[in-house]
Each structure stands twice: as structure tokens, then as C-alpha cells.
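1. task: produce atomic coordinates for the following.
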Amino acid sequence: MKTFLHTPSKLALILLCCCAPGAFAAIDEHSEFEATLHAPYRAPDPAKGEARTFTLSFDYPNARQAQLVDWQLELIDPKQRVVRRWQGSTALTSGPVSVPVAWSGQDTGKLAAGLYQVRLRAASRDAQAGAPSNDVHEQHWQIEVGPPQSPVLPPFAPLPTGALRQPGAAPATGALPYTVYLGNLHSQTNHSDGGAELTDCKGAQDPLTAKYGPDAAFSYARNHGLDILVASEHNHMYDGSDGTELNADPAAAKALYRKGLDTASSFNAAHPDFLAVYGMEWGVINKGGHVNIFNSDQLLGWEKNGKGELLADVVTPRSDYAALYTLMRERGWVGQFNHPSQTGQFMVNGTAFGYTPDGDAAMALCEVVNSTAFSVNDKEGETRRSNFELACNKVLEAGYHVAFSTNQDNHCANWGTAYTNRTGVLIPGGMPLNRDSFVEALKARRVFATMDKGSQLVLTANGRMMGERFKNSGPLNLVAHFASTAGKQVASVAIMEGVPGRNGTVTQLAGTATASFTPTPGAHFYYAKVIQADGNILWSAPVWVEQDGGGK
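-> Modelled structure (predicted):
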């Protein structure tokens, strides 16, 4: 491993070359390179200065050949200048590999206090052939340098939570009239390639072969304190294959999907304090992108058996996202962009995250953080987590009205327990928790993403709820309302601003919990982001504001 200060690196040029178009082998579903970065938000021992260790984690489940990972880690100051750079190559053979990168922190005397960004770029290549890959992964996390910060936050009592309430949560006088239900909206069971016993789970399972199905998943999640679990099965695996099984029986595939729906319905009838949702994860990773569809009672697909029979209820052309969005809007289905890459996914007319009005109506969520899909941690301690905020910002800048979610994509039998992250869904007080109220909340974008299941974040704009779209004249007052049932402290708060349809960059509007100003005329979106002192992050849903021409 080598360390560089400020100067451009050879690896940076290699990584840029890796991004250029070129031939590379197609990958099987879930046989893909993974790279995550764990960056402690604060130094573990302040008495010893800012020293800390960053951990890079790499994996390539089911890779056909041994891989070599070329990586680059950068420390970036608040003015977006690279102040330290590390780089290296790591062999990746039979399983996950972790690489510690120690930072002494001794150069902090030259660095101003503030929030710094740690950025990882990594690409894998065949260790024997040596040909570079164009699959470059990028991860960003913020860290605090200098004295701890304690921003001022407006008083806000935690909203009541679901039937499995957290201690300390109670309705407050004049509080917002919602109950928060905490869910994991992305997971798999043995109806596709998940559901393996933790002792046997080393990656994606062969479809329809693992031990546990949706009934076990729903029971597990409820017993471990979740209010909602979505079993989102891969739509193209109902034939028992991650390719195409030419001898597959269409009736069996469709019957399995209906069985999943019936299982969720029966579980909900027996457990009204919990919401079991059975849906699908549509699409493929390679030259595609995964979309969760939460409320379809029909199986969608493109595969046909050797007789030319469709292995689904409704035909949907593979990787045709414009057509999918149109169908979803027509049927009233609601979706989520799963673990989005910054480039090359959800293509419409040759453009990644290509905007369509149908897609805007159908797609309600964007995953901002996932714990690793193949984690076997069941104590909420997984450190391998992926951050997709920059990709979700591109979705917002493309014109989509999406809220942030954070899920676990569990393929092992630890549904919701890999980490403390949850998606908070706000349902009006007194309204029952069911699929209808859940879908209505998603369509209203009344959702926040939290890496801490005991914390809440709600953004209001002139008293309007996050998720709303409205016209505004005159001043706009944005307020980030944060609450923790466990007494967690906030280290940083930011209000972010962007322009839908601009396809530009989201920027920070304010470093405070409140912002009062008069927007420039035109369309804007705003969301709040809070970093706790323990490094866990929360994202509110955005608000979308059309400012009239009277603004200055």
C-alpha cells in the first residue's frame, strides 16, 4: 500500500480508463463485484488525536476467476480538495477480504476543523488475464475532524411508533398526526435466491433451494422488532433458475407467486400489529437495474420456456424501463430504485435514470444505504454498508419525485437484523397498518431513511410535510425535526437543495436545522440530512417547491 499527498496518482488514471466503454464478460445475477467502506465518524480515542482506521471490504461472490482489486482511497476537505490519498491492489479469491487503512491523524494540524469526505474507488479485474473492468465502485462517507460539533435543533418529541413500540416514544402535544412504522423494504427468501441458514449462507442461493420461505421471514422480522418486512423476490427466478429453465412449468411459477401473496395475507390476518408485504424485485443487474414493486398481485417477466410459454402472468420486456413504468402507472403499482449505481442503470432512451412522466408517477423510493446483501450478522453490527446518496441525488436531479429508504437486501435468514437501519413510514394516527395504508404513504413520500432504528427525522416546509409538492410565494421556512428515543446526539445537520430536471448537482443550502429564505423563481427540492455523533445518518424525504416569479 502506498500513500500520496495531493498529487495525482497512476491509479486514478487507471480507474478513469476502467470507466471507458469496452468489452467485458457478462456476469451472472448476484455474481458481481462488491466494495464497501467503513469510515469511523469520530476518532475512537480523542486523547490520541484524530487517528482512526478505515476499513475497505471487497467481495465477488461466485466469481469465475480469481480477481485483483485496484483501489484508491481519498480524504477530501470541506472545499472539495484532496488532502490525502492511499492506493493499492488486493487479491480476491474465495471469499470476502477486508483491508485496513490506518490514518495517523498527525497532519490534522494542517487541516481546518470540519466535515471531511472519505471516498473509495475500486475496480476488479481477472487476476490472470489482467484486463481492466469497467465496473468501478464508488463509496462516500463523511467524518468529523476537530472539536465535536453540537448543532442547535428545534424541540421535537418522537412520534409514536408501531405496535412494537420503542421505549420513550409517546405522542406529544401538537405533534404531527402520524405514527412511525419501521421496516425493511428489501429482502429475499427461498422463493428466489434467499432464505439460507446463517451457518450455510455464503452468498446468493440457488433459486428455490434454501431452507426458509416468506412465512419464516415475516415471523423472524416481527419477533425482532420490525413493523414491516417486504419479501421482494427476483421476478425471473420463479422457474428455479437464474437463467432460463426450458422445461419450466408456467403454472408452477405463477402459483408460487400467488402462494407468496397468500402467505403475506394470512400472516397479516393473524398479526394485525405487523405488515407482511410480498412483492418482487424486477430486472437484472447487468445492463439493467433492480426495481422493487410493492403491490403487484401479478408476476411480471420476460422469460419463456422451450415451448414459448411465458413464465409469468404479464410480459414485461427485459431492461425496458420506460415500458415497465408505463405498466406500473396504469396498474397503480409503486416502486423503489434498489441499490442504484451512478452510471449505466435504469436506461431510458440511452440515458441512465432517464426521466419519464410514468416513471415519476410510479417510482416513490430510492435506496440510499444498504447493508451488504450476504451479511450473516444477526446482532445489528454489520459494518459493510453501501452508500448510494450520490446516485439517489442523480435520480432527484433527473426529475423523479422519490424519498430515501434504507434496507438490508437480506439473502440470509437475518431479515432486518444485519444492522440498525430502517425505513420509517409515516401513517396517519388511527389508521390501521395494512398494504393500502402502506402504499398510500409511499405514494405520498411520507418516508424517512435512518441508520438508527431509535431516531426519527421529519422535514417541514412552511408547515407542510416532507413528500409534498406545492407552489410558494414569498419566504420559505424549512425545519428539520430530529428526535431520538435513546438520547442520541447530533453532530451535523444539513439542508440540501437541488433542481428537478436539471441533471446537475445537489448542493448544501444550510448547515443548520432551520433555513428561512426566499427561493429563486422556478422548481426546487430540499431534503434534510442529519449525522449523529455515532456516525449514523438520517435522511428526510424531500419537499418539492415551485417558487413563483415574485421571488428575489
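2. so residue 545 sits against residue 474, correct?
-> No - with contact defined as C-beta atoms under 8 Å, residue 545 does not count as touching residue 474 (11.5 Å). All C-beta spots, glycine's among them, are computed from the backbone N, C-alpha and C.
3. which of the two has more neighbours?
-> residue 545 (22 against 12; other C-beta atoms under 10 Å).
4. buried residues in the host helix or strand of that one?
-> Per DSSP states H and E, residue 545 falls inside strand 543-547. Neighbour-count burial for strand 543-547, with 16 or more other C-beta atoms under 10 Å as criterion, is recorded at 543, 544, 545, 547.
5. swap in stretch 339-353?
-> For stretch 339-353, by 16+ other C-beta under 10 Å, it's 339, 340, 341, 342, 345, 346, 347, 348, 352, 353.
6. could you tell me the end-to-end distance of it?
-> By C-alpha to C-alpha, to the nearest Å, the extent of stretch 339-353 from end to end equals 13 Å.
7. quick one: mean pLDDT over it.
-> Across stretch 339-353, the average pLDDT comes to 96.
8. okay, now the unreliable bits of this protein?
-> The model of the chain has pLDDT under 70 over residues 1-31, 108, 130-134, 163-174, 550-552.
9. spatially central residue for it, please.
-> Centroid-nearest residue in the chain: residue 367, 2.5 Å away (criterion: C-alpha atoms, centre = their mean).
10. check which helix or strand that one maps to.
-> Going by DSSP H and E, residue 367 is in strand 363-371.
11. what's that strand packed up against?
-> Packed against strand 363-371 by the contact rule (3 or more C-beta pairs under 8 Å, 6 or more residues apart in numbering; DSSP states H and E) you find strand 335-337, strand 385-387, helix 389-398, strand 403-407, helix 435-443, strand 447-450.
12. tell me which stretches of this protein form helices.
-> Along the chain, counting by DSSP state H, helices occupy 10-18, 214-223, 250-270, 321-331, 357-362, 389-398, 435-443.
13. gap between the fifth one and the chain center?
-> Taking C-alpha atoms, centre = their mean, to the nearest Å, one finds the center of helix 357-362 at 20 Å from the center of the full chain.
14. buried sites along it?
-> Here helix 357-362 shows 358, 359, 360, 361, 362 as buried, counting by 16+ other C-beta under 10 Å.
15. what distance do you get for the residue lying closest to the last one once chain neighbours are set aside to residue 359?
-> Counting by C-beta to C-beta, 6 or more residues apart in numbering, the nearest residue to residue 362 once its immediate chain neighbours are dropped is residue 328, at 3.7 Å. Here the criterion is C-beta to C-beta, to the nearest Å. By it, residue 328 lies 8 Å from residue 359.
16. quick revisit: who's in contact with the residue nearest to residue 362?
-> Residues in contact with residue 328 (C-beta atoms under 8 Å, 6 or more residues apart in numbering) are 293, 334, 335, 358, 362, 363.
17. out of the residues you listed, what pair is the most spread apart?
-> 293 and 358 (13.7 Å; C-beta to C-beta).
18. I'd say residue 477 and residue 518 touch.
-> No - the criterion here is C-beta under 8 Å, and residue 477 misses it with residue 518 at 10.4 Å.
19. tabulate the helices of the chain (CSV), appending distance to residue 380.
-> CSV is the format used below for these (distance: least, C-beta to C-beta, whole Å):
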stretch, distance to residue 380
helix 10-18, 33
helix 214-223, 13
helix 250-270, 23
helix 321-331, 33
helix 357-362, 32
helix 389-398, 21
helix 435-443, 23
